[in-house]
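S.K.: Predicted coordinates and the sequence they were generated for:
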Amino acid sequence: MLGNEQRLAILRSISSEEKYAREIAEELGISRPLVNIYLKQLEKLGLVEATSRTSEEPPYLRRYYRAVPFELVVNLEMIERLRRS
């Protein structure tokens, strides 16, 4: 999962401030649908948290994402799992 450069770029992008999918897509030059797929995957793994808030500009309901602080422990099993993902 973390072997994908685009997912890592998304994590870096939201590590210091929360953003919504369109902001991330524009910043990284990745399509919005792909950003949404990656964000859902990262959220499922517990690496990203999301909150929904209203905005005065369309879209009026936005889902903001931020990276959850985590520690990566690398061992042989982890390397094998990353290689397969």
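M.R.: In hand now; what should we look at?
S.K.: residue boundaries of the strands in this structure?
M.R.: Along the chain, the stretches classed as strands by DSSP state E are 19-20, 48-54, 61-67.
S.K.: Give me whichever of those strands is most buried.
M.R.: Of all the strands of the chain, strand 19-20 has the most neighbours on average by mean count of other Cβ atoms under 10 Å, namely a mean of 20. C-betas here are computed from N, CA, C, even on glycine.
S.K.: Could you dump the strands of the chain into a markdown table with distance to E77 added?
M.R.: Below are the strands of the chain laid out as a markdown table (distance: least, Cβ to Cβ, whole Å):
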| stretch | distance to E77 |
| --- | --- |
| strand 19-20 | 33 |
| strand 48-54 | 23 |
| strand 61-67 | 24 |
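S.K.: Need those strands in JSON lines (columns: mean pLDDT).
M.R.: Shown next, in JSON lines, are the strands of the chain (pLDDT from 0 to 100):
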{"stretch": "strand 19-20", "mean pLDDT": "97"}
{"stretch": "strand 48-54", "mean pLDDT": "96"}
{"stretch": "strand 61-67", "mean pLDDT": "96"}
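S.K.: Which stretch among these approaches N36 most closely?
M.R.: For these, the distance to N36 is smallest for strand 61-67, at 9.1 Å, taking Cβ to Cβ.
S.K.: Quick check: neighbours of the closest one in the sheet, parallel or antiparallel?
M.R.: Sheet pairing of strand 61-67 (DSSP bridges) gives strand 19-20 (antiparallel), strand 48-54 (antiparallel).
S.K.: Please determine how far the residue lying farthest from the centre of the chain is located from R7.
M.R.: Largest separation from the mean C-alpha position in the chain: L76, at 25.1 Å (Cα atoms, centre = their mean). Remark: distance between L76 and R7 (Cβ to Cβ, to the nearest Å) = 22 Å.
S.K.: Same question for R84.
M.R.: Counting by Cβ to Cβ, the gap from R84 to R7 is 15 Å.
S.K.: do R83 as well
M.R.: Distance, R83 to R7, by Cβ to Cβ: 15 Å.
S.K.: Great, nothing more from me.
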